[in-house]
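K.L.:
here's a sequence, model it:
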Amino acid sequence: MSAAAASSCQRHGGNLAAAAARLGCRPEQLLDASASLVPFRPPALLRRALRQAALRPYPDRDYSDLRRAIAALHQLDPAWVLPGNGAAELFTWAARDAAALGRSQLPEPGFADYRRALACWGGDLVAAPLPLEWVQAGAQVGGQPGLQPNPQPWPLPEAAGRADAVAVLWVTNPHNPTGQLWGRASLEPLLRSHALVICDEAFLSLVPGGEAQSLVPLLAHHPNLVVIRSLTKLFAIAGLRLGYALGDPQRLARWSAWRDPWPVNGLAAAAGEALLADAHFYGRWCERVQGWVAAEGAWLQQRLGRLPGLRPMPSAANFLLLQGVQQGRPISLEPLRLALEQRHRILLRDCRSFEGLGESWLRLGYQDRSGNRRLVDALARELRG
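P.N.:
Coordinates of the predicted model:
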């Protein structure tokens, strides 16, 4: 792994054990706003499934029950489903396909793991810078559509319109780290100009109204499309590592042949089966999560907008970016991030691992109301002295 890739991994959110060791405290004493997980207690059916699965033999090599549950959720045939050891493992196989097809385009700022995955196979890539100014839906920046928190036209980077320039496009919806939700209608034309489009929808099920913008309904007519999803954010089970890819069966069968046996452990497989088998339960859980995202997002935007030196950016997801600004100029937020760690035991996401962002940006994941109050109070004390 390159030094740059290693540095990016070190700045990934959610590393509670390392942070607690560094700060000389217990992990449970930390408020972790560096990761973007729901704050709810795992459902009882998940706890029952994990207890039962702990005594099972080897997992089914084909993950037949898990694939059927995922397929039913998305109204697909199980052959169109490939479970993975988190979305990260599936990015690795997507990148192998991408590297063989030619140059990949990565809209940036963006999630560093796509670069990590492409580096595994020597994949060529080109960055497509996105605007770092965006406003509420319906408004414009400089006369041009900016990044929007609601479905809006995709601001196409120049190279994306030239089929000879890039073969593969990686899209995150909602976009990470900006939290912007791209409309399906604005993304669909990209499927006609690329040999492969990889759409990461890891956070989409948490977004109010987000499912209406999913590219999953386009799969049947676009064999060059792969949609990758994660269950770890929605159910706060990041330690179980469970994601899945949806795509053309021939492509997914090829990915499956590349992998080690049993890439998804028995506990993760049982968790997925339990959480997705009951469509009614899944729908109610998503409604609960989306209600929390809407309520806490609005509450945080209002409170954070009152603090000096901070500019909270609009977001449709369960996280938002903060920019440090003073007298209209960017300022470093690194001293603020360190102060929150050392004096308040609060972790925020260091954004230097996102290409195109730097020290003037931090990302925070929504907490429950108590956690969000603790976060805002700590920020206010540091910024107002």
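
K.L.:
in this structure residue 241 contacts residue 268, no?
P.N.:
Yes: between residue 241 and residue 268 there is a contact at 5.9 Å, judged by C-beta atoms under 8 Å. Just so you know, the C-beta spots here come from the backbone N, C-alpha and C atoms, and that holds for glycine as well.

K.L.:
the two: who's more crowded?
P.N.:
More neighbours surround residue 268 than the other of residue 241 and residue 268, with 27 against 20 (other C-beta atoms under 10 Å).

K.L.:
residue contacts, that one?
P.N.:
Neighbouring residues of residue 268 by C-beta atoms under 8 Å, 6 or more residues apart in numbering: 85, 240-242.

K.L.:
which residues do residue 241 and residue 268 both contact?
P.N.:
Between them, residue 241 and residue 268 share these contacting residues under C-beta under 8 Å, 6+ apart: residue 85.

K.L.:
where does pLDDT dip in the protein?
P.N.:
Counting by pLDDT under 70, the chain shows low-confidence ranges at 1-14, 135-164.

K.L.:
and the helices in it?
P.N.:
3-10, 16-23, 44-53, 64-74, 86-101, 113-120, 184-187, 232-235, 249-258, 266-276, 279-304, 334-344, 369-384 (DSSP state H).

K.L.:
surely residue 184 and residue 214 touch.
P.N.:
Yes: under the criterion of C-beta under 8 Å, residue 184 is in contact with residue 214, at a separation of 6.9 Å.

K.L.:
count of neighbours near the nearest residue to residue 92 once chain neighbours are set aside?
P.N.:
What sits nearest to residue 92 in space, not counting adjacent residues and going by C-beta to C-beta, 6 or more residues apart in numbering, is residue 117, at 4.8 Å. When neighbours are defined as other C-beta under 10 Å, residue 117 has 24 of them.

K.L.:
for residue 117, give me its contacts.
P.N.:
Applying C-beta under 8 Å, 6+ apart, the residues near residue 117 are 88, 91-92, 94-95, 123.

K.L.:
distance of it from residue 95?
P.N.:
Taking C-beta to C-beta, to the nearest Å as the criterion, residue 117 is separated from residue 95 by 4 Å.

K.L.:
identify the contacts common to the two.
P.N.:
residue 123.

K.L.:
the closest residue in space to residue 19 that isn't next to it in sequence bridge partners, please.
P.N.:
Among residues not flanking residue 19 along the chain, residue 347 sits closest, at 5.7 Å (C-beta to C-beta, 6+ apart). Each beta-bridge partner of residue 347 is listed here, defined by DSSP bridges: residue 32.

K.L.:
quick revisit: closest to residue 335 out of the contacts of residue 117?
P.N.:
Lowest distance from residue 335 to these (C-beta to C-beta) belongs to residue 88, with 31.1 Å.

K.L.:
which residues does the closest one contact?
P.N.:
Contact partners of residue 88, counting by C-beta under 8 Å, 6+ apart, are 113, 117, 241, 243.

K.L.:
farthest-separated two in the contacts of residue 117?
P.N.:
The most widely separated members of the contacts of residue 117, counting by C-beta to C-beta, are 88 and 123 (15.7 Å).

K.L.:
in stretch 339-348, which residues are buried?
P.N.:
Judged by neighbour count (16 or more other C-beta atoms under 10 Å), stretch 339-348 contains these buried residues: 339-341, 344-348.

K.L.:
in CSV: those residues, plus distance to residue 106.
P.N.:
Converted to CSV, the buried residues of stretch 339-348 look like this (distance: C-beta to C-beta, whole Å):
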residue, distance to residue 106
339, 32
340, 30
341, 30
344, 34
345, 34
346, 30
347, 26
348, 24
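
K.L.:
right, I'll leave it there.
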